[in-house]
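In: Below are the sequence and a predicted model; questions follow.
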2 protein chains.
Amino acid sequence: MENLELNANAYLPLRDVVFHTLREAILRGDLKPGERLMELQLASKLGVSRTPIREAIRMLQQEGLAVTVPRKGAEVAKMTEKDMEDVLLIREALEILAVQLACDNITKEQILLLEEKVSEFEQVIKTGDIKLIAQTDIDFHDIIYNAAGNPRLMSMLNNLREQIYRYRIEYLKDEKNYPHLMKEHRQIIEGLKQKKKDYVAEMMKNHMINQANEVRNIIRRQE
Amino acid sequence: MENLELNANAYLPLRDVVFHTLREAILRGDLKPGERLMELQLASKLGVSRTPIREAIRMLQQEGLAVTVPRKGAEVAKMTEKDMEDVLLIREALEILAVQLACDNITKEQILLLEEKVSEFEQVIKTGDIKLIAQTDIDFHDIIYNAAGNPRLMSMLNNLREQIYRYRIEYLKDEKNYPHLMKEHRQIIEGLKQKKKDYVAEMMKNHMINQANEVRNIIRRQE
DNA sequence: AAATTGTATTTTGTATACAAGCATTTTACC
DNA sequence: GGTAAAATGCTTGTATACAAAATACAATTT
């Protein structure tokens, strides 16, 4: 860990601000897997007392981003390759569910939004700004989640995405992945337009399997 | 709420004991949906200070069993029929995933355990003890989760089960459901034995749809 | 040298104090 | 009597104090 800074907001309780701050730090890798989350240290670094830190840690823990051992303290959750595989499988199942539900409910406007997002993606990759590229990809899927009309599913998928964020960033750093990704997104849009549920499910599955393979390669390469 | 009591354990931090106590109370309906979770009140009722109560509430909140409004406090999460539908759909997708994974990995011993559980279920329904009946059903599915070998999937399914616990109890109070339930369990075992992935998936889907329908009926009847 | 005990230090666990916000009632004024 | 403002009480938010456990490390023993 290096430089944490609080983005204070008069009306949000500090625990929520701390929670978001720590979550961001974990996702962006400023807080590394296995790194201890010491209350006093974090408190002084963020300029608050231990109380909001502790509550934020309890939230992170329930979210799976931190692991706590009683009377020992918390640390940033480590992710083994197996953990990653487990998450990817669950994500695949739920993304397929989401796109199937979306297929039933999606509006013409939402389909337009999806098409716009693909164009936007095409533009954004030229900038080379990975965070922006990642966000555009996230937006695409978020439109589908919204169309699915199942808020709990949406929040679970967001949580799963969080868990593999670091690896997805690596995946998006590799330009050779962009054409496939865009092609798959276009296939999904096509299926949604024609309301072919089995087809979109197949295309989403394909999309997920390809990403999972890339994530696997990245993990292998790192170790 | 009426009588909460703490099941103290020397080594578990109080926050965890409080968390489990409150969770149980919510699931069993002692704490009703919409009921406020006031820190001081709970603290004095459980004989602890506000600190562990607050941390437990943060955990319940992240788990979806409580909802908190800043500077207003927490209350037991309300579940609309729509929420329930949302959860049931997710559960269906993940139970199917679990049983498919189990199909790949299940051992002979685990299949034996499943068969024993069905027999046990047959015995237990004679007692009429709903909590025991529910536990036997839970055990059956837990064996499958274990065979699936995906701990994260297991914990997500456990969490989803939690959310619909109250309605599942109602479902299990109705004796006419037992024969179907047992038949479906036997079909799932058969599929796992023969390692027919598509078949187990189909049977599990069927199992889930039937339960979902019953839960729907119960909700309708209640309102 | 290895193991063990003892002690100081660090860190978490829990209780409590105090501040601030929100809601409701009371009071003052028209 | 009705409305606005003030006051009161209850609740959450945050900081801090103290206790208990874990850890690190030195001293002692084997």
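Out: Alright, I've got the coordinates.
In: from here on, contacts and neighbour counts on C-alpha atoms
Out: OK.
In: Tell me the helix or strand right after the helix or strand harbouring A:E95.
Out: In the assignment (DSSP states H and E), A:E95 maps to helix A:81-105. For helix A:81-105, the following helix or strand on the C-terminal side (DSSP H and E) is helix A:108-127.
In: Spell out for me which residue occupies the centre of chain A.
Out: By C-alpha atoms, centre = their mean, the mean C-alpha position of chain A lies nearest to A:R161, the distance being 2.7 Å.
In: ok, A:K205 - contacts?
Out: Contacts for A:K205 (C-alpha atoms under 8 Å, 6 or more residues apart in numbering or on different chains) come out as A:E92, A:I96.
In: Is it correct that it falls within a helix?
Out: Yes - assigned with DSSP: H, G, I helix; E, B strand; the rest coil, A:K205 falls within a helix.
In: Would you mind listing what in chain A touches DNA strand C?
Out: A:L37, A:M38, A:E39, A:L40, A:Q41, A:T51, A:V69, A:P70, A:R71, A:K72, A:G73, A:A74 (C-alpha under 7 Å from any atom of the strand).
In: so what's the backbone phi/psi at the nearest residue to A:L65 once chain neighbours are set aside?
Out: Using C-alpha to C-alpha, 6 or more residues apart in numbering or on different chains and skipping the chain neighbours, the partner closest in space to A:L65 is A:A77 (5.2 Å). For A:A77, the backbone dihedrals (degrees, to the nearest 10) come out as phi -60, psi 140.
In: how close does the closest residue to A:Y165 other than its chain neighbours get to B:R91?
Out: Take A:Y165 and drop its neighbours on the chain: the residue closest to it by C-alpha to C-alpha, 6+ apart is A:L27, 6.4 Å away. For A:L27, the distance to B:R91 equals 27 Å [C-alpha to C-alpha, to the nearest Å].
In: neighbour count winner among those two?
Out: Set side by side, A:L27 and B:R91 show more neighbours around B:R91, with 21 against 17, by other C-alpha atoms under 10 Å in any protein chain shown.
In: what does the helix-or-strand element of chain A with minimal mean pLDDT rub up against?
Out: None of the helices or strands of chain A scores lower by mean pLDDT, DSSP states H and E than helix A:165-173, at a mean of 89. For helix A:165-173, the external contacting residues (C-alpha under 8 Å, 6+ apart) are A:27-29, A:130-131, A:133-134, A:177-178, A:211, A:214-215, A:218-219.
In: In JSON lines, list those residues along with pLDDT.
Out: Converted to JSON lines, those look like this (pLDDT from 0 to 100):
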{"residue": "A:L27", "pLDDT": "91"}
{"residue": "A:R28", "pLDDT": "88"}
{"residue": "A:G29", "pLDDT": "89"}
{"residue": "A:I130", "pLDDT": "93"}
{"residue": "A:K131", "pLDDT": "91"}
{"residue": "A:I133", "pLDDT": "95"}
{"residue": "A:A134", "pLDDT": "94"}
{"residue": "A:N177", "pLDDT": "93"}
{"residue": "A:Y178", "pLDDT": "95"}
{"residue": "A:Q211", "pLDDT": "93"}
{"residue": "A:E214", "pLDDT": "91"}
{"residue": "A:V215", "pLDDT": "89"}
{"residue": "A:I218", "pLDDT": "87"}
{"residue": "A:I219", "pLDDT": "84"}
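In: Buried only: go through the residues you listed for me.
Out: Neighbour-count burial (16 or more other C-alpha atoms under 10 Å in any protein chain shown) applied to the contacts of helix A:165-173 gives A:L27, A:I130, A:I133, A:A134, A:Y178, A:Q211, A:E214, A:V215.
In: Return the subset of the residues you listed lying in helices.
Out: Mapping the buried ones among the contacts of helix A:165-173 onto helices (DSSP state H) picks out A:L27, A:I130, A:I133, A:A134, A:Y178, A:Q211, A:E214, A:V215.
In: For the residues you listed, work out which two are farthest apart.
Out: Between any two of these, the greatest separation by C-alpha to C-alpha is 22.3 Å, found for A:L27 and A:Y178.
In: which residues does the residue nearest to the centre of chain A contact?
Out: A:R91.
In: Which helix or strand contains it?
Out: Assigned by DSSP H and E, A:R161 belongs to helix A:151-163.
In: Identify each buried residue in that helix, please.
Out: Residues of helix A:151-163 classed as buried under the neighbour-count rule (16+ other C-alpha under 10 Å) are A:L153, A:M154, A:L157, A:N158, A:N159, A:L160, A:R161, A:E162, A:Q163.
In: excluding its backbone neighbours, what's nearest the second one?
Out: The reference is to A:M154. Closest residue to A:M154 apart from its sequence neighbours, by C-alpha to C-alpha, 6+ apart: A:Y145 at 5.6 Å.
In: So for that neighbour, what's the pLDDT?
Out: Looking at A:Y145, its pLDDT is 98.
In: what's the helix or strand for it?
Out: helix A:130-148.
In: With just CA atoms, put stretch A:201-216 into CSV.
Out: Output in CSV follows, covering the C-alpha atoms of stretch A:201-216 (Å, rounded to 0.1, in the frame of the first residue of the first chain):
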residue,chain,number,x,y,z
ALA,A,201,-27.3,-17.9,-24.7
GLU,A,202,-24.9,-19.7,-27.0
MET,A,203,-23.2,-16.5,-28.0
MET,A,204,-22.8,-15.3,-24.4
LYS,A,205,-21.5,-18.7,-23.4
ASN,A,206,-19.0,-18.4,-26.2
HIS,A,207,-18.1,-14.9,-25.1
MET,A,208,-17.5,-16.1,-21.5
ILE,A,209,-15.5,-19.1,-22.5
ASN,A,210,-13.2,-17.1,-24.6
GLN,A,211,-12.6,-14.6,-21.8
ALA,A,212,-12.1,-17.3,-19.3
ASN,A,213,-9.5,-18.9,-21.5
GLU,A,214,-7.6,-15.6,-21.8
VAL,A,215,-7.8,-15.0,-18.1
ARG,A,216,-6.4,-18.5,-17.6
